[in-house]
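In: No sequence on hand, only this structure:
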């Protein structure tokens, strides 16, 4: 096997591992979300709502289109988990803010997500190294 074939095989193997790990994580999120009566995208939104943020910021964090984030935010707002408030610096924008019920559910969700996580076998340092390597592979 020549060097180009070896590199192609190594990349193929790595792509398979990354895809497989992503599926494991998605399944994990879906299963844990269902225990709380949430969809996986709703759980992802709650996980990413670390503080007040715009829909654009949420969609960036969720790696989805703003229209998808809007749909998810509408559902969370309908359940009383978030509310839209005026943005303090931009009167044209709204911020998404967790309600007390939303904060409580988010804490329960984070506990469920960390339990038996597919990435739980990695130490904090290993997770940071993996993050850094994936960011480098993305060119960011």
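Out: Great, that's in hand. This one's a predicted model, so the numbers in the text were calculated from it and none came from an experiment.
In: any idea where the helices of the chain begin and end?
Out: Secondary structure of the chain (DSSP state H): helices at 3-35, 40-48, 55-62, 66-78, 100-114, 124-138.
In: Compute the inter-axis angle for the fourth one and helix 40-48.
Out: I take that to be helix 66-78. 80 degrees (axes from the mean of the first three to the mean of the last three Cα atoms, to 10 degrees).
In: for the longest one, same thing?
Out: Angle between the axes of helix 3-35 and helix 40-48 is 90 degrees (criterion: the same axes, to 10 degrees).
In: could we number from 2 for the rest of this?
Out: Renumbered: residue one is now 2, and that last one reads helix 4-36.
In: Show the average pLDDT along helix 4-36.
Out: On average, the pLDDT along helix 4-36 is 94.
In: Who are the packing partners of that helix?
Out: The contact analysis (3 or more Cβ pairs under 8 Å, 6 or more residues apart in numbering; DSSP states H and E) places helix 4-36 against helix 41-49, helix 101-115. All C-beta spots, glycine's among them, are computed from the backbone N, C-alpha and C.
In: I'd like these as TSV, with mean neighbour count appended.
Out: Shown next, in TSV, are those (neighbours: other Cβ atoms under 10 Å):
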stretch	mean neighbour count
helix 41-49	21
helix 101-115	15
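In: Can you pull up the most central residue in this structure?
Out: A centroid search over the chain (Cα atoms, centre = their mean) returns residue 45, at 4.5 Å, as the residue closest to the centre.
In: Alright, calling it a day.
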